[in-house]
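S.K.: Okay, sequence plus prediction incoming.
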Amino acid sequence: MEPASLLEEIRFGYGPRLRAARAAGGVDPDRVLAQLTAPDPEGAAWARPDLATRFALIAEDRALKKTGIGANARTTAALKDIVAADQHTAYARPTFAAAGFVERLVNLWANRITVSNASGNVPRFVQSFRDEAIRPHIGGNYGAMLRAALWHPGMQVYLSQIASIGPDSVQGKRRKRGLNENLAREFLELHSMRVGYTQEDVTQLAMLLAGMVHDDKGRRVDKGRVQPGKKLILGQTYDDSDPEAEIDRLVANVALRPETAANVGYTLARHFIADDPPADLVDSLAAAYLAHDGDLPPVYRVLLSHPAAQSPDRQKLRSPQEYVAASLRLLGITAEDDRFAKVMRRMPQALLAMGQPIYRALRPDGWPEVAQGWMTPPMMAARIDWAVDCARLAGDRIDPVAMVDTALGDLASPLLKQSATRAEQRWEGLAVLLGSPEFSRR
């Protein structure tokens, strides 16, 4: 993989790595886009068990419980270990991966199309959702990503789709239960259009989605829960002749609507460029999305080529997850380093204090994408605490002045360089850098 420039690492990655090669110049769209298809063994080393593996353990655990013996210690422990390691990889993979742009895109789209650990059995599926519904499609088609996300068991459990029953279906009449509109609403409001639909569209979509199932037997529609009859959604009619195919057709239609294109454009521009992104950039991204039928790489190219992407003016505040990953990359900590284990033990509490407990977004719209969401006094104090902890961990082995150049190059202010130089101890100079507003910005 070709080395990235400093600006590419900061704005479109997780920050520069200590002693890593660096390309000259600003943002090269070809170089950044090459990450989408380049092998990244350093990132892939943190891959997690797939959905089939998880379902096999869940099925085994369930079968053992049915014997009357109760919970099986081995399978229960294995499931807990998977969830714990999933959370571990959430901050390890961005720290060690070479393809920073890829990891940023995974986090961006997994946040936009959120599945959270905040409830029920969702923790077993969150990492699989990211790896199997989001990651394969970041360099492909947005409609395909929407379809994979909609059908993933993590999404169906998180938004209670598994409880949705067509009121006039066989089960609906027998059990006197009806629709759950959560997934239908969030699909239109957050995952795709954001505007341009009505409450009736939400209800009709919920009727179309009723009966969706994805378990160890695969994805399908439970005929006993299907709402019979036609559904009119966004001016198009869907029937019950082949519910699975009709759901996929609905997703394809929604993915190519201009409202979805505008939402995708706004999401990308706000995440990478500015909390209040340039209107011309959002419009250009939406136009590229529609011109290429929802394929994402041409949209990314427009983003990377825009003057705002090339500007050294950094307007975005790193999220806590981005901030801690950037810190560890800069320190050059390896997975084999004793310091890495120490950092990992501190990480959950540190991220909680900064306001972003891993994989536990409190709402379906995910974590904040604007600086205001991360700038309460306690959150900012937690960043300073993290900076001091990391600097003490590094000790006097690192030259803070050299680290300023590695982290920011010509983007560093004279005041920051001077402050790092005048620190009485090396670790204090490093703490000044890591705790500075300049390091927190991308």
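M.R.: Cool, got the structure. Numbers count the residues shown, from 1 in each chain.
S.K.: Which residue ranges of this structure form strands?
M.R.: Ranges of strands within the chain are 212-215, 218-221, 231-233, 236-238, based on DSSP state E.
S.K.: can you put those in CSV and add distance to residue 361?
M.R.: C-betas here are computed from N, CA, C, even on glycine. Below are these laid out as CSV (distance: least, Cβ to Cβ, whole Å):
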stretch, distance to residue 361
strand 212-215, 21
strand 218-221, 24
strand 231-233, 27
strand 236-238, 31
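S.K.: What is the burial count for residue 41?
M.R.: 10 (other Cβ atoms under 10 Å).
S.K.: mind checking how far it is from residue 99?
M.R.: Distance of residue 41 to residue 99, computed by Cβ to Cβ, to the nearest Å: 10 Å.
S.K.: circling back: closest to residue 273 out of the strands of the chain?
M.R.: Residue 273 lies closest to strand 231-233 among the strands of the chain, at 33.1 Å (Cβ to Cβ).
S.K.: what residue ranges in this protein score low on pLDDT?
M.R.: Where the chain drops to pLDDT under 70, the residues are 68-71, 119.
S.K.: rerun at 90
M.R.: The chain contains residues with pLDDT under 90 at 19, 59-77, 91, 117-121, 175-177, 333-345, 362, 394-398.
S.K.: Spit out the contact partners of the closest residue to residue 227 other than its chain neighbours.
M.R.: Nearest non-adjacent residue to residue 227, counting by Cβ to Cβ, 6 or more residues apart in numbering: residue 166, 2.8 Å away. Contact analysis of residue 166 by Cβ atoms under 8 Å, 6 or more residues apart in numbering lists 172, 178, 179, 207, 210, 211, 225, 226, 227, 228.
S.K.: just residue 206 next, same as before
M.R.: Counting by Cβ under 8 Å, 6+ apart, residue 206 has contacts 164, 179, 180, 181, 183, 184, 185.
S.K.: Mind doing that once more with 10 Å?
M.R.: 161, 164, 166, 178-185, 187, 227, 231, 233 (Cβ atoms under 10 Å, 6 or more residues apart in numbering).
S.K.: what does residue 392 give?
M.R.: Residue 392 touches 425, 427, 428, 430, 431, counting by Cβ under 10 Å, 6+ apart.
S.K.: Excluding residues flanking it in the chain, which one is nearest the second one?
M.R.: The shortest distance from residue 427 to any non-neighbouring residue, by Cβ to Cβ, 6+ apart, is to residue 391 (4.5 Å).
S.K.: One more: the fourth one?
M.R.: Counting by Cβ to Cβ, 6+ apart, residue 391 is the residue found nearest to residue 430 once chain neighbours are left out, at 4.1 Å.
S.K.: Look up how far residue 217 lies from the one you found.
M.R.: 52 Å.
S.K.: more crowded one of those two?
M.R.: Ranked by neighbour count (other Cβ under 10 Å), residue 391 and residue 217 place residue 391 first, with 26 against 9.
S.K.: and the longest helix seen in the chain, which residues are buried?
M.R.: For the chain, the longest helix by residue count, based on DSSP state H, is helix 73-96. By 16 or more other Cβ atoms under 10 Å, the buried positions in helix 73-96 come out as 75, 78-79, 82-83, 86-96.
S.K.: Show me where the stretch 201-350 of the chain has its helices.
M.R.: 243-255, 258-272, 279-291, 296-305, 307-310, 320-331, 338-354 (DSSP state H, counting those that start in this stretch).
S.K.: Show me which residues of the first one are buried.
M.R.: By that I understand helix 243-255. Buried, per 16+ other Cβ under 10 Å, within helix 243-255: 243, 246, 247, 250, 251, 252, 253, 254, 255.
S.K.: any idea how far that helix is from the chain center?
M.R.: How far helix 243-255 lies from its chain's middle: 24 Å, per Cα atoms, centre = their mean, to the nearest Å.
S.K.: Over to the shortest one?
M.R.: The chain centroid and the centroid of helix 307-310 are separated by 23 Å under Cα atoms, centre = their mean.
S.K.: and what of the fourth one?
M.R.: From the chain centre to the centre of helix 296-305 is a distance of 19 Å (Cα atoms, centre = their mean).
S.K.: can you pull the contacts of the nearest residue to residue 15 once chain neighbours are set aside?
M.R.: Closest residue to residue 15 apart from its sequence neighbours, by Cβ to Cβ, 6+ apart: residue 326 at 3.4 Å. Counting by Cβ under 10 Å, 6+ apart, residue 326 makes contact with 9-10, 13-17, 94-95, 100, 318, 407, 434, 439-440, 442.
S.K.: Likewise for residue 390?
M.R.: 324, 327-328, 330-331, 333, 339, 343, 346, 350, 427, 430-431, 434-435.
S.K.: Now with 8 Å, please.
M.R.: 327, 328, 331, 343, 430, 431, 434.
S.K.: Nearest to residue 33 among those residues?
M.R.: Out of the contacts of residue 390, the member with the shortest distance to residue 33 (by Cβ to Cβ) is residue 328, at 25.7 Å.
S.K.: Distance-wise, check the closest one relative to residue 1.
M.R.: 20 Å.
S.K.: Look at these two and report which has more neighbours.
M.R.: residue 328 (27 against 13).
S.K.: Of all residues in this structure, which one is nearest the centre?
M.R.: Nearest residue to the geometric centre of the chain (Cα atoms, centre = their mean): residue 107, 2.2 Å.
S.K.: what sits against the residue lying closest to residue 219 once chain neighbours are set aside?
M.R.: Distance criterion Cβ to Cβ, 6+ apart; nearest residue to residue 219, sequence neighbours excluded, is residue 151 at 4.9 Å. The contact partners of residue 151, taken as Cβ under 8 Å, 6+ apart, are 133, 212, 214, 219.
S.K.: 10 Å instead, please
M.R.: So residue 151 contacts 133, 161, 212, 213, 214, 218, 219, 220, 244, 247, 248, 251 (Cβ under 10 Å, 6+ apart).
S.K.: Can you give me the distance of the closest residue in space to residue 11 that isn't next to it in sequence to residue 261?
M.R.: Among residues not flanking residue 11 along the chain, residue 442 sits closest, at 5.4 Å (Cβ to Cβ, 6+ apart). Noted for residue 442: a distance of 25 Å to residue 261, by Cβ to Cβ.
S.K.: Would you check how far apart residue 144 and residue 151 are?
M.R.: In terms of Cβ to Cβ, residue 144 sits 11 Å off from residue 151.
S.K.: Residue 132 now?
M.R.: Here the criterion is Cβ to Cβ. By it, residue 132 lies 10 Å from residue 151.
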